[in-house]
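Chemist: Please find the sequence and the predicted model below.
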Amino acid sequence: MSLLQWKPQYALGIPSVDHEHREMIGMINCIYDQIGHGANADAIERGLGEIHAGIAAHFALEERHMREAAYQEYEAHKEQHEQLLDEIRDLMDMMVESPEAGRERLRKSLSDWFSVHFATFDARLHDRLGDHDS
Amino acid sequence: MPDPLQRAGQRLLQPLRAILDRGFGADLNPFNHLGALTIYFFWIVLVSGIWLFIFFRTSVDGAYSSVEYLTHEQWYLGGVMRSLHRYASDAAIITLVVHVACEFVYNRYRGPRWFSWVTGVPLMWLVIPLGITGYWLVWDQLAWYVALTSAELLDAVPIFTVSMAGNFLSDEALSDRFFTLMAFLHLIGLPLFLVFGIWLHVFRLNGPRINPPRALMASSLVAMVTLSLIFPAVSQGPVDMTRVPETLGLDWFYLPVYPLAALWSPGGVWTLVCGFSLLLCILPWLPPGGARPAARVDLDNCNGCSRCADDCPFGAITMEPRSDGKSYEIEAVVDPSLCVSCGLCTGSCPTATPFRRQTDLVPGIDQPELTSATLRAQIMEASQALRGTNRILVFGCADDPSWRRQRKRLADAETGVVDIYCMGHLPPSFVDFVLSRDLADGVVLAGCPGGNCHFRYGAQWTSERLAGTRDPRLRKRVDTTRLALTWQQPWASRSNLRAVIDDLRSTLSRRSKGETKSVARSPHRWGRWLLVAFAYAAFLAPVGVFSVWPRYGLIETGQAMVSISFSFAGERVGECRQLTQDELNALPPNMRKPLDCPRERRPIRVLLTADGQPLYDATLPPAGLWNDGATDVYQRIPVKAGEVELFVGVNARGDAEGFDHMLTRTLDLAPGRHVVVEFDDVGQSFFFRTE
């Protein structure tokens, strides 16, 4: 059973952002499986690197949409993005310095990355952008 | 070919820049805002010019007196405005020339940058007639000289048949209408072209800097007002065409062509101007060429976030509809004819992170000859060679000659060097990578000082990215005390890169010993203010001085001037022939002219002597494409003052046998006296205009 599953209500109506959200779920599930199968620290670090680059690009795209829609809570959302990226970077460092602790923390925070990020902010953006879509 | 010239120029400018860096700080260094300063000075000229025009009377009689009125009667505002008008125009010439010189010296005119360079050439020349028409409007003795010699310059252009200079030898020929024309040119015509030209000049740039920083605007205005109060601009006496001023205070910023035309010839001046313009226009394509290939987009890694398009200083990246069928709306597209390969796009790409991952490091947009993967490998290689506890990696701009000179000397056991295209080429994540993966203990970014990025915005945007105010942001946890940006330290220009490295190293070693206090090296505040004041004085003193000095001598002491100016038709080449009645009948009714005369005329010979010595002896061709016009005669000749017998004669066949019209007169020419030899068409006789 995968950690996360795509749900229709996740769809923002912006094809590119929805596409990347699906990809993100795929990547998070992938690394979750790796931890479950006891993959070595090196593989997990690489997986995290992949997620970090992917999410950084995804946030950049999302921020462009927010700016174009003159989204009022841009700054707060942007700050959340930077925090999440920093968190992933911290985990990447942990996987190098103390892999076991890193693995543990990663397992705990993995599911939050997508769901918390999505529920708190993207949902609001969803409403906001929805108005503009029609 | 221009290489040695550029190197010499850089050596000349570098110390100047360094001094100004200390005073103004790198961000406010006027050298980094020359183009914007020039435009700003024109704003001052525009505002003061509107004031002047309110009180200006566009007429022969009113021009001089109205300018005198506003200079002396309302000197506290009008006089200052007039002086500001002059000095801001003169200052603009200095900033403009240094601007062009800097762009040349720092090689910022090649490749896609040719457009700004070439459109700048007519802009540069446009400024000169603006200054000339301005000096003309004042209608003082300098204005008269300017009018006369400008007309002489235009007469040298072969498209004009009738001499214009002759119009400025007596008051009779000059009308108020002429001042309306000059005012139009000076106030509307030329400025309109100037504004359009400036727009074209910056048209291709992304985020052109039109305004200098406020601090520079304010301080330069204060400096110019000060100069205006100390040394107000004044007129040089009313025009009296029967007298020639011995010397005139010439504005050497705008009017040096006139002495040059006297030294060479008007034709020589035109050749120089055209030749120099042509050279400037082809300069971008002269060897050595060899540009790097344009940035390349990798669609598999591009999601259309647009950061690269926002950051490209040359507008080379546009976001276009997706072409690969992926679920994205848009993609980045590079126009190779606009791309200067500065790498700023790669620095802005969120996918350009060097941390290990499952796939290869291929960012959405990359530099074909220095890919991010190669850059990563070079960093690893440089890092592996480092030993010690205070290892520092220095990043420098590959194209910069001063970096190329220094990079070998800098490298040692504790210091590694890495080439990048521009500071903005380095994504912030690479700095994070170096420090967090312990590839070095400190990082020095050796970028161009202040706003003087060889490309545009490289240093500024790197500062902002590292400070977390521009995307992509440096991770917050990165210890920025391990980072030194040369361009942010006024005391440390790139020429003393070693000092920056040593400074960072001593900070690192103090930290490793547990000391936290760092010694900030900032120049004394008063010292800085003094430097700024001195810099403005050094800039504006020449403005004030060379706007009237050295005085230019029109005639030598004890000389008078004789001008000869008239129009005379030479004889026709053949005899006129009476047409027979039959011939006339054969012609259409409206063309039946009984006399058939050949149109072509002979040249005329003119001789002017003083006490039997020839002053002017010339055989001149008729005007017109068909050689059918009257011949225009115009010449200015200085003569020795005193009593002199003047003889003038003209021969309508262009031969040396006698004269058809002549006149001899003895005149007592006082020094500075101006006499014009003219020909009365109606009375068919010469006369000397002495008043």
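Modeler: Perfect, I can see it now.
Chemist: Would you mind pulling the contact partners of stretch B:105-125?
Modeler: B:5-6, B:9-10, B:13, B:96, B:100, B:102-103, B:194, B:197-198, B:200-205, B:273, B:277, B:280-281, B:283-285, B:289, B:291, B:314, B:316, B:337-340, B:399, B:452, B:454 (C-beta atoms under 8 Å, 6 or more residues apart in numbering or on different chains). Quick note: C-beta positions are derived from backbone N, CA and C, even for glycine.
Chemist: For residue B:228, give its distance to chain A.
Modeler: According to C-beta to the nearest C-beta, to the nearest Å, residue B:228 and chain A sit 46 Å apart.
Chemist: now residue B:508
Modeler: Per C-beta to the nearest C-beta, residue B:508 is found 20 Å from chain A.
Chemist: what separates the helix or strand hosting that residue from the chain centre, distance-wise?
Modeler: According to DSSP states H and E, residue B:508 maps onto helix B:497-512. The chain centroid and the centroid of helix B:497-512 are separated by 42 Å under C-alpha atoms, centre = their mean, to the nearest Å.
Chemist: which bits of chain B sit near chain A?
Modeler: Applying C-beta under 8 Å from any C-beta of the partner chain, one finds that chain B approaches chain A through B:301, B:303-307, B:326-329, B:350-351, B:353, B:355-359, B:364, B:432, B:436-437, B:468, B:471-473, B:475-477.
Chemist: Quick one: buried ones out of these?
Modeler: Taking 16 or more other C-beta atoms under 10 Å in any protein chain shown as the criterion, what is buried in the residues of chain B next to chain A is B:301, B:303-307, B:326, B:328-329, B:350-351, B:353, B:355-357, B:364, B:432, B:436-437, B:468, B:471-473, B:475.
Chemist: quick revisit: any idea of the mean pLDDT in the helix holding residue B:508?
Modeler: In this model, helix B:497-512 has an average pLDDT of 87.
Chemist: quick one: buried residues of that helix?
Modeler: Burial within helix B:497-512, assessed by neighbour count using 16+ other C-beta under 10 Å, is assigned to B:497, B:500, B:501, B:503, B:504, B:505, B:507, B:508, B:511.
Chemist: again, but for stretch B:53-68
Modeler: The neighbour-count check on stretch B:53-68 (16+ other C-beta under 10 Å) flags B:55, B:56, B:57, B:58, B:59, B:60, B:63, B:64, B:66, B:67 as buried.
Chemist: And the pLDDT for residue B:272?
Modeler: For residue B:272, pLDDT reads 96.
Chemist: Wasn't it part of a strand?
Modeler: No - using DSSP: H, G, I helix; E, B strand; the rest coil, the secondary structure at residue B:272 is helix, not a strand.
Chemist: helix or strand for residue B:282, which one?
Modeler: Applying DSSP H and E as the criterion places residue B:282 in helix B:266-282.
Chemist: Quick one: list the elements packing against the helix or strand containing residue B:14.
Modeler: Using DSSP H and E, residue B:14 sits within helix B:3-24. Contact here means 3 or more C-beta pairs under 8 Å, 6 or more residues apart in numbering or on different chains; DSSP states H and E; on that basis helix B:3-24 packs against helix B:80-105, helix B:401-410, helix B:525-546.
Chemist: Out of those, indicate the one that is most buried.
Modeler: helix B:80-105 (a mean of 22; mean count of other C-beta atoms under 10 Å in any protein chain shown).
Chemist: pLDDT of whatever helix or strand comes next after that one, averaged?
Modeler: Where DSSP H and E defines the elements, the next helix or strand beyond helix B:80-105 is helix B:114-137. In this model, helix B:114-137 has an average pLDDT of 95.
Chemist: And for the nearest residue to residue B:355 once chain neighbours are set aside, the neighbour number?
Modeler: Of all residues not flanking residue B:355 in the chain, residue A:49 sits nearest, at 4.4 Å (C-beta to C-beta, 6 or more residues apart in numbering or on different chains). By other C-beta atoms under 10 Å in any protein chain shown, 22 other residues sit near residue A:49.
Chemist: Poorly predicted segments of the chain, please.
Modeler: Looking at chain A here, since you left the chain open. Low-confidence segments of chain A (pLDDT under 70): A:1, A:118-134.
Chemist: wait, chain B
Modeler: Using pLDDT under 70, the flagged stretches of chain B are B:1-2, B:449-451, B:489-495, B:515-524.
Chemist: What ranges does the stretch 201-350 of chain B have for its helices?
Modeler: Taking DSSP state H, counting those that start in this stretch as the test, the helices found in the stretch 201-350 of chain B are B:214-230, B:257-263, B:266-282, B:307-311, B:344-348.
Chemist: Identify each buried residue in the third one, please.
Modeler: Using 16+ other C-beta under 10 Å as the burial criterion, the residues of helix B:266-282 that qualify are B:266, B:269, B:270, B:280.
Chemist: Spatially nearest residue to the third one, not counting backbone neighbours?
Modeler: Which is residue B:270. residue B:156 is the one closest to residue B:270 (C-beta to C-beta, 6+ apart), at 6.3 Å.
Chemist: The one you found contacts residue B:265, doesn't it?
Modeler: Yes - judged on C-beta atoms under 8 Å, residue B:156 makes contact with residue B:265 at a distance of 7.4 Å.
Chemist: angle of the helix holding residue B:14 against helix B:214-230?
Modeler: Calculated by axes from the mean of the first three to the mean of the last three C-alpha atoms, to 10 degrees, helix B:3-24 forms an angle of 90 degrees with helix B:214-230.
Chemist: secondary structure class for residue B:565?
Modeler: Using three-state DSSP, the structure places residue B:565 in strand.
Chemist: looking at the sheet around it, what are its partners?
Modeler: On the basis of DSSP bridges, residue B:565 is bridged to residue B:634.
Chemist: Count the residues that sit near it.
Modeler: Neighbour number of residue B:565 under other C-beta under 10 Å is 22.
Chemist: And residue B:381, by the same measure?
Modeler: 11.
Chemist: what's whichever helix or strand comes after the helix holding residue B:14 packed up against?
Modeler: Later in the chain than helix B:3-24, the nearest helix or strand by DSSP H and E is helix B:34-55. Judged by 3+ C-beta pairs under 8 Å, 6+ apart, helix B:34-55 is in contact with helix B:80-105, helix B:190-202, helix B:214-230.
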